[in-house]
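*Asks:* got a predicted model here, sequence first, then my questions.
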Amino acid sequence: MVCSNNRRRLKRLDEYWYQRNLLSLILLPVSWLFRLLVRLRRYLYAVGLLNSTRLPIPVIIVGNITVGGSGKTPLVIALIDMLRQAGYHPGVISRGYGGKAKTWPQQVRPDSDPSMVGDEPVLIAQSCKVPLAVGPDRVFAAQQLLQYNDCDVIISDDGLQHYSLKRDIEIVVVDGVRRFGNGYCLPAGPLREPPSRLTSVDFVVTNGLAMRMEYPMELVAKNVLNLATGETRLLSSFAGQTVHTVAAIGNPDRFFNLLKKNGVDVIPHPFIDHYSFSKEDLEFEDGSTVFMTQKDAVKCMQYATENMWIVPVSAKLDERLVIRLLGMLKKLYDQNHQGEH
């Protein structure tokens, strides 16, 4: 029954955020007010009436202007790998959404409890073994991270609208299929900021088909990992098989469609984003294979059985993005070093 309720909730969000309907029109006046407040708040930070803190090292913001999943976490992981290959020592900060820790910030390790610090930070820590701190105050989280770790660049997972932290590079991720929904700001639509915000960021990365002035990003899945035994198999080995697929991410259909593209016959079970799974949510009467995302797997280890498989995805970046981003970072360091002399 829990799964059924969550499926209905997801459908309701899609209906009024990704279409123009009566409910979105009723909420439109509130949306206009929200949009006005967003612009006013950003202006107050821009003119210095609200305080903004600059860190001693460059800060890269990876965020979006819509509510819901767009592919930020795979991009963050890809950026960490890219920066390390270029000789940098990145650290990561995040909100720790859904975490129930009583004190903040929290340092996140691969074995951290996702119920305390959030599922996405644990996934990043497990994937990258990177210094990572979470907390609602990203400035404090970053300062604590730098106090205990030798980092030379900070990636903020989300936080585009967290203007109390000054940023050097802004990257916005866009869902290439859903784009900006009905084009309205919250609560009538999915937008946190109006689309015009994209003109002021450094990079727009599109998860899927990119438009002009955007950089495409492709999510690729090759192997699957057994949740109980750690066995690795090719995803293609499941082609033609019927599997139950659970996903508690911002856009579950993206995960389902990825599997279908690889020839898997999917029985979809979407849940609300960041959903906390129970054992019953993962049990199906036919006992068939169950696929899940990496983000969900960090919350399901305690329920692991041999019919459960993780489907890791990796982000394939546009080489033009890599070259330009590394060039911007080098310029920032050159300017800082000139200022020291």
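*Replies:* All right, it came through fine.
*Asks:* which stretches of the stretch 1-150 of the chain have low pLDDT?
*Replies:* Low-confidence segments of the stretch 1-150 of the chain (pLDDT under 70): 1-15.
*Asks:* quick one: the strands in it?
*Replies:* If DSSP state E, counting those that start in this stretch is used as the criterion, the strands of the stretch 1-150 of the chain fall at 59-63, 90-94, 106-107, 132-134.
*Asks:* did I read that right, Glu285 in a helix?
*Replies:* No: per DSSP: H, G, I helix; E, B strand; the rest coil, Glu285 lies outside any helix segment and is coil.
*Asks:* next one: it from Tyr163, what distance?
*Replies:* 50 Å (C-beta to C-beta, to the nearest Å). From N, CA and C alone the C-beta is placed, and that goes for glycine too.
*Asks:* between these two, tell me which one has more neighbours.
*Replies:* It is Tyr163, of Glu285 and Tyr163, that has more neighbours when counted by other C-beta atoms under 10 Å, with 16 against 5.
*Asks:* isn't the more buried one up against Ser52?
*Replies:* Yes: the pair Tyr163 and Ser52 qualifies as a contact (C-beta atoms under 8 Å) at a distance of 5.9 Å.
*Asks:* I'd say Leu27 and Ala188 touch.
*Replies:* Yes: if you go by C-beta under 8 Å, Leu27 and Ala188 touch, sitting 3.9 Å apart.
*Asks:* mutual contacts of those two, please.
*Replies:* Tyr16 (C-beta atoms under 8 Å, 6 or more residues apart in numbering).
*Asks:* got the contact list for the residue lying closest to Lys279 once chain neighbours are set aside?
*Replies:* Spatial nearest neighbour of Lys279, excluding adjacent residues (C-beta to C-beta, 6 or more residues apart in numbering): Tyr303 at 4.7 Å. Taking C-beta under 8 Å, 6+ apart, we find Tyr303 in contact with 277-279, 282.
*Asks:* out of these, which end up buried?
*Replies:* Buried subset of the contacts of Tyr303 (neighbour count, 16 or more other C-beta atoms under 10 Å): 277, 282.
*Asks:* output the contacts of Tyr303 as CSV; include the columns distance to Ile310, secondary structure and pLDDT.
*Replies:* As requested, the contacts of Tyr303 are exported to CSV (distance: C-beta to C-beta, whole Å; DSSP: H, G, I helix; E, B strand; the rest coil; pLDDT from 0 to 100):
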residue, distance to Ile310, secondary structure, pLDDT
Phe277, 13, coil, 94
Ser278, 18, coil, 93
Lys279, 17, helix, 94
Leu282, 12, helix, 94
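*Asks:* could I get the contacts of Tyr303 in JSON lines, plus columns for distance to Asp168?
*Replies:* Below are those laid out as JSON lines (distance: C-beta to C-beta, whole Å):
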{"residue": "Phe277", "distance to Asp168": "38"}
{"residue": "Ser278", "distance to Asp168": "42"}
{"residue": "Lys279", "distance to Asp168": "45"}
{"residue": "Leu282", "distance to Asp168": "42"}
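*Asks:* for the contacts of Tyr303, which one is nearest Asn307?
*Replies:* Nearest to Asn307, judged by C-beta to C-beta, of the contacts of Tyr303 is Leu282 at 9.3 Å.
*Asks:* confidence score at the nearest residue to the closest one once chain neighbours are set aside?
*Replies:* Spatial nearest neighbour of Leu282, chain neighbours left out: Tyr303 (5.5 Å); criterion: C-beta to C-beta, 6+ apart. Per-residue confidence at Tyr303 stands at 94 (pLDDT).
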